[in-house]
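Peer 1: Pasting the sequence and the predicted model now:
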Amino acid sequence: MGHGSARDLSTDLALHSRAFRERLGPGAGLRLFFSPGRVNLMGAHLDYNGGPVMPTAIDRGTFIAARPRSDQRMVLASTLDGQRLEFDLGHIATERSGRWFDYPIGVLIEVLELATDARAGQSRCGLEILFGGNLPVGAGLSSSASICVGLALCLDQCWNLERSRMELVHAALRAERKFVGVQCGIMDPYAVGFARENCLLWLDCKDASLDYLPLDAQRFSIAVADTGVRRALAQGAFNLRVRQCEEAFAGLRRHQEGATCMRDIRLDVFEAHRHELDPVVARRADHVIHEVARTFAARDALMRNDPAGLGVEMVRAHESLRDLFEVSVPELDQLVASASVCDGVLGARLTGAGFGGCAVVLLRKGAEAELARRLEEDFSRRFGAAPAVDFFGGDSGPRELTGAWDGV
Ligand code: GLA
């Protein structure tokens, strides 16, 4: 496929094109796109504090099969359920429905805005689109950004809009914020849209500047271990953390001229004034300020070709998320403890927001079997069920894949 060490997607995509024909009928002109998911290695709860984050795309994600029509009808379907939605391009829903289709509709609206801008007066053909994928469900690997950025690219290509990657990433972001109604940060669509193989993305959420850090996918592997724990109140607990960080900043900014977000607050300013904050709020600030420093330290480690140095920062980040930010659960702590004593493991921490969900592990290639065995054994002994353990390589970002799809 010409994507270095990325997983060969041809079998999955051939199956997806067959699924397309079974659901939407035969016909020429089928095009296939892949868009990855992402995992964040450092910079926990920093995106909404204006700090740096270090996500990377993974070689699992969303498949999108699209076929142009001769009219203006849109047909949307997914392999995950039997639902199907049809409408004319001139009559797109203006209100969210609360269903999964809100994501593609939001993207459609935003890309059509770009289209009006780009090629005024041209009408767009309708499309039949089938979504599918191989991301573990509910694992916090950003399937929504994967779908939204992937669809933005698919529409751009099918309609020959020639919009830049940045415009498409922002169209995906606006779709989630405006139409779906999720106040997400920039990390996820950027991580998906600007992925490069053998690299972590260095994204500074204060000014949205980005850079790449080397991480050789031939030598290192990323494991995600799912606790299976899902906390019903996680959204509320996440929003509470956002508010506590805002409160910390409101208390500290008076002591540091020019500070615009928590990320700017210096350690000496925090230490001198932490007693003025509510003790819980002070612990949240403590995490953020040190996590910023750890994330820079992790970047320095990678720059001097020392991935083990990144691993050390990951473990410290987990301890801080457990003790200061208080978003871990015993199941996550167990996974991190088990991973940390495994040969070939460089580091581990909870990933995503916390409150259950997954731990991410950075390890040397070849250590996979031993890691999986140990995680499963320790976890089952304590909690009575095995965690789902999955291994990922890196990915080079959303793209169209060429092949003999029409004939499959
Ligand atoms: C969730 C949010 C992200 C980020 C992480 C914590 O996954 O969607 O934007 O804040 O939590 O790092």
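Peer 2: Done, it's in.
Peer 1: okay, and for the stretch 51-200 of the chain, where does confidence drop off?
Peer 2: Counting by pLDDT under 70, the ranges of the stretch 51-200 of the chain that qualify are 117-122, 137-139.
Peer 1: Residue 161 versus the closest residue to residue 168 other than its chain neighbours, what's the distance?
Peer 2: Using Cβ to Cβ, 6 or more residues apart in numbering and skipping the chain neighbours, the partner closest in space to residue 168 is residue 152 (4.1 Å). Using the backbone N, CA and C atoms, a C-beta is placed for each residue, glycine as well. According to Cβ to Cβ, to the nearest Å, residue 152 stands 10 Å off from residue 161.
Peer 1: Show me the common contact partners of these two, please.
Peer 2: Both residue 152 and residue 161 are contacted by residue 111, under the criterion Cβ atoms under 8 Å, 6 or more residues apart in numbering.
Peer 1: Between the two, tell me which one has more neighbours.
Peer 2: Counted by other Cβ atoms under 10 Å, residue 152 and residue 161 do not tie: residue 152 has more neighbours, with 31 against 20.
Peer 1: Toward the C-terminus, what is the element adjacent to whichever strand or helix holds that one?
Peer 2: Following DSSP states H and E, one finds residue 152 within helix 143-158. Downstream of helix 143-158, the first helix or strand assigned by DSSP H and E is helix 165-174.
Peer 1: does any bit of that next one sit next to the ligand?
Peer 2: No: Helix 165-174 lies out of reach of the ligand by Cβ under 6 Å from any ligand atom, never closer than 11.3 Å.
Peer 1: and that helix, how far out from the chain's middle?
Peer 2: 14 Å (Cα atoms, centre = their mean, to the nearest Å).
Peer 1: if we look at that helix, which residues are touching it?
Peer 2: 106-107, 110-111, 113-114, 145, 148-149, 151-153, 156, 163, 184, 186, 189-190, 192-194.
Peer 1: Can you go through these and name the buried ones?
Peer 2: Among these, the ones that count as buried by 16 or more other Cβ atoms under 10 Å are 106-107, 110-111, 114, 145, 148-149, 151-153, 156, 163, 184, 186, 189-190, 192-194.
Peer 1: In terms of secondary structure, what does the helix holding residue 152 contact?
Peer 2: strand 31-40, strand 55-68, helix 102-118, strand 127-133, helix 165-174, helix 187-193, strand 399-401 (3 or more Cβ pairs under 8 Å, 6 or more residues apart in numbering; DSSP states H and E).
Peer 1: just checking, what packs against the helix or strand just after the first one?
Peer 2: To tie it back to what came earlier, the one meant is strand 31-40. The helix or strand immediately downstream of strand 31-40 is strand 52-53, counting by DSSP H and E. When contacts are defined as 3+ Cβ pairs under 8 Å, 6+ apart, strand 52-53 packs onto strand 199-204, helix 279-303.
Peer 1: Indicate which one of the ones you listed is closest to the ligand.
Peer 2: helix 279-303 (9.3 Å; Cβ to the nearest ligand atom).
Peer 1: Show the residue spans covered by the strands in the stretch 301-408 of the chain.
Peer 2: Ranges of strands within the stretch 301-408 of the chain are 345-350, 356-364, 388-392, 399-401, based on DSSP state E, counting those that start in this stretch.
Peer 1: and this structure, which of its residues are near the ligand?
Peer 2: Counting by Cβ under 6 Å from any ligand atom, the chain sits next to the ligand at 40, 44, 45, 47, 48, 184, 185, 187, 352, 353.
Peer 1: how deep is the third one tucked in, by neighbour count?
Peer 2: When counting by other Cβ under 10 Å, one arrives at 25 neighbours for residue 45.
Peer 1: re the thing from before, just confirm the residue nearest to residue 168 contacts residue 108, I think it does.
Peer 2: No: taking contacts as Cβ atoms under 8 Å, residue 152 lies outside contact range of residue 108: 9.3 Å.
Peer 1: ok, the closest residue to the ligand within the stretch 51-200 of the chain - contacts?
Peer 2: Among all residues of the stretch 51-200 of the chain, residue 185 sits closest to the ligand, at 3.9 Å; criterion: Cβ to the nearest ligand atom. Listed by Cβ under 8 Å, 6+ apart, the contact partners of residue 185 are 47, 48, 205.
Peer 1: what about it, which SS state?
Peer 2: coil (DSSP: H, G, I helix; E, B strand; the rest coil).
Peer 1: do you know how far it is from residue 351?
Peer 2: 15 Å.
Peer 1: Test for you: state the pLDDT assigned to the closest residue to residue 347 other than its chain neighbours.
Peer 2: Nearest residue to residue 347 in three dimensions, chain neighbours excluded: residue 311, at 2.8 Å (Cβ to Cβ, 6+ apart). You'll see residue 311 listed with a pLDDT of 97.
Peer 1: Residue 311 and residue 342 touch, don't they?
Peer 2: No: the criterion here is Cβ under 8 Å, and residue 311 misses it with residue 342 at 11.6 Å.
Peer 1: where's the closest residue to residue 364 other than its chain neighbours relative to the ligand, distance?
Peer 2: Ranked by Cβ to Cβ, 6+ apart and with sequence neighbours excluded, the top spatial neighbour of residue 364 is residue 344, at 4.3 Å. The spacing between residue 344 and the ligand, counted by Cβ to the nearest ligand atom, to the nearest Å, is 26 Å.
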